[in-house]
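Student: Quick check, what structure comes out for this input:
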Amino acid sequence: MQTILVIDDDDSLRDTIGVMLEHEGFRAVLEGDGKTGYERALVIKPDLVLVDLRLPGMSGMDICKQLRAAQLRLPIVVLSAVGDEIDKVLLLEIGADDYVVKPFGTRELVARIRAVLRRVSPATEKKVRFGEVEVDFDRRTVFRSGKELKFTPAEYNLLSYFLQNPDRPLTRDMILNSVWGYEFFPNTRTVDAHVVKLRQKVEADPALPKHLLTVHGVGYRFVP
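Tutor: Got it, this is the predicted structure:
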């Protein structure tokens, strides 16, 4: 049974989410403030953290930063209110895997949680190799010629998505929806910028890529 840590200071919403998660077959652990929730995450190392953006003691954004600084690679879904001014790009870059805007439907939230868990825990091979690169899905690490590469969460999730869809033309919209987890990203050129970064890290010659190929008029294709 997968464990989900819910950190939200709204008692009613937190309890409702907990009941919903238990009904869906998850184990729910509930905390009401940021600092306590962060410390609980360090101890129990849940399969996913569901955290409100605005929290007493420690904000949701600070929790994302601190969990990544502690080298915990567990997936994080952020909850934000409609009126919150949130830099979605920054939120994803500092470690969040997805975000959901309140108010939300329970079906939407469950679907987002399951999608993130699928992305970060592929049910297929635990390690994938291509060229001089090895990706360890269990540890969420990437090595090239035996040397570990530094990846942002967004870069790692993008690479994982390519690896899970080999030899398949992928449009930018498909990539945005699957990797970033929401449909209305401000600019599809974000995909292009991240692909450039990936090529610099995993291709022998980024100018002449052999694995992350451009499909003109469509998007990209990963060739193992």
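
Student: distance of the most centrally placed residue in the chain from residue 203?
Tutor: For the chain, the residue nearest the mean C-alpha position is residue 97 (2.5 Å; C-alpha atoms, centre = their mean). Here the criterion is C-beta to C-beta, to the nearest Å. By it, residue 97 lies 25 Å from residue 203. Just so you know, the C-beta spots here come from the backbone N, C-alpha and C atoms, and that holds for glycine as well.

Student: What residues does residue 214 make contact with?
Tutor: residue 220 (C-beta atoms under 8 Å, 6 or more residues apart in numbering).

Student: who does it bridge with?
Tutor: When assigned by DSSP bridges, residue 214 has beta-bridge partners residue 220.

Student: Which residue, neighbours along the chain excluded, lies closest to residue 218?
Tutor: Excluding the flanking residues, the one nearest residue 218 by C-beta to C-beta, 6 or more residues apart in numbering is residue 169, at 5.0 Å.

Student: Need the contact partners of stretch 107-125.
Tutor: The contact list for stretch 107-125 (C-beta under 8 Å, 6+ apart) reads 2, 4, 17, 20-21, 24, 26, 47-48, 50, 73, 75, 77, 97-98, 100, 137, 140, 157, 160-161, 163-164, 178-179, 181.

Student: Tell me which helix or strand residue 12 sits in.
Tutor: helix 11-23 (DSSP states H and E).

Student: Just the buried residues of that helix, please?
Tutor: Within helix 11-23, the residues scored as buried using 16 or more other C-beta atoms under 10 Å are 13, 14, 17, 18, 20, 21.

Student: go on, stretch 191-208?
Tutor: For stretch 191-208, burial by neighbour count (16+ other C-beta under 10 Å) applies to 191, 194, 195, 197, 198, 199, 202, 203.

Student: got the CA positions of that stretch in CSV?
Tutor: The C-alpha atoms that make up stretch 191-208 are tabulated as CSV, following Å, rounded to 0.1, in the frame of the first residue of the first chain:
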residue,chain,number,x,y,z
VAL,A,191,9.7,21.9,-23.9
ASP,A,192,12.3,23.0,-26.5
ALA,A,193,14.4,24.6,-23.8
HIS,A,194,14.4,21.5,-21.7
VAL,A,195,15.2,19.2,-24.6
VAL,A,196,18.2,21.4,-25.3
LYS,A,197,19.4,21.0,-21.7
LEU,A,198,18.9,17.2,-21.9
ARG,A,199,20.9,17.0,-25.1
GLN,A,200,23.7,18.9,-23.5
LYS,A,201,23.8,16.3,-20.7
VAL,A,202,23.2,13.0,-22.4
GLU,A,203,24.2,13.3,-26.1
ALA,A,204,27.8,12.8,-27.2
ASP,A,205,27.3,15.7,-29.6
PRO,A,206,24.4,17.9,-28.7
ALA,A,207,24.5,19.6,-32.1
LEU,A,208,24.0,16.2,-33.8
